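# got a structure for you, letters missing:
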């Protein structure tokens, strides 16, 4: 079955700096890769996603890149703000089936 | 904005008791997911429904867990009997295509 690894497990950055979180997956059949932000006591919130026919997607300060050959994808957050502090999860799926999540990255943005 | 509803938000029970969680997905979403999230880890898929049919319950501990979605709308997840290791956040999500929208979760504590 699919296995998703995520690094780093914790990340601290200064406000205004960039943050990068990386994930790798094992199943070449996976074709949908979402990223979620989870704040304390809340459910995960979808922030951006990418499908396997696209190499990069950007939404304001957030971007995701996908390398299908190497089976890895990354989340990039630019101009970080204190409200970006949360736990971020990557996931991999095959056409909306078999969602497998990474273990999460705790991001702290220091003012 | 439509949201996934879950109840209760918190549940404390003693081991060997029965517990039940309820989820009401976003209207029109045919796919419903139940996840278990242990503190400090990513969500783990327990069961996935397409309308009223189970499409994936390979990770559901069927000796004690059951899930139903009788009319293809809301869903109930039951644990009987609860064990200490079941303490976790139980998350419900729904989707129309690929994008999953999560509810706030039910925090279960088994004493």
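Alright, I've got the coordinates. Quick caveat, the model's predicted, so the values are computed rather than measured.

# mind giving me the packing neighbours of the worst-scoring helix or strand of chain A on mean pLDDT?
Lowest by mean pLDDT, DSSP states H and E among the helices and strands of chain A is strand A:97-101, with a mean of 89. Identification of packing neighbours for strand A:97-101 by 3 or more Cβ pairs under 8 Å, 6 or more residues apart in numbering or on different chains; DSSP states H and E yields strand A:86-94, strand B:44-50, strand B:53-56. Backbone N, C-alpha and C define where each C-beta goes, glycine included.

# turn those strands into JSON lines, columns for distance to residue A:58, mean pLDDT and mean neighbour count.
Below are the helices and strands packed on strand A:97-101 laid out as JSON lines (distance: least, Cβ to Cβ, whole Å; pLDDT from 0 to 100; neighbours: other Cβ atoms under 10 Å in any protein chain shown):
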{"stretch": "strand A:86-94", "distance to residue A:58": "17", "mean pLDDT": "96", "mean neighbour count": "23"}
{"stretch": "strand B:44-50", "distance to residue A:58": "29", "mean pLDDT": "96", "mean neighbour count": "20"}
{"stretch": "strand B:53-56", "distance to residue A:58": "32", "mean pLDDT": "94", "mean neighbour count": "13"}
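
# let me have the ones you listed in JSON lines, extended by distance to residue B:14.
Formatted as JSON lines, the helices and strands packed on strand A:97-101 follow (distance: least, Cβ to Cβ, whole Å):
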{"stretch": "strand A:86-94", "distance to residue B:14": "30"}
{"stretch": "strand B:44-50", "distance to residue B:14": "22"}
{"stretch": "strand B:53-56", "distance to residue B:14": "29"}
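
# and of those, who's closest to residue B:83?
strand B:44-50 (14.9 Å; Cβ to Cβ).

# write out the residues of chain B neighbouring chain A.
Among all residues of chain B, those adjacent to chain A (criterion: Cβ under 8 Å from any Cβ of the partner chain) are B:4, B:31, B:33, B:40-45, B:48, B:55-56, B:91, B:93, B:95, B:97-105, B:107.
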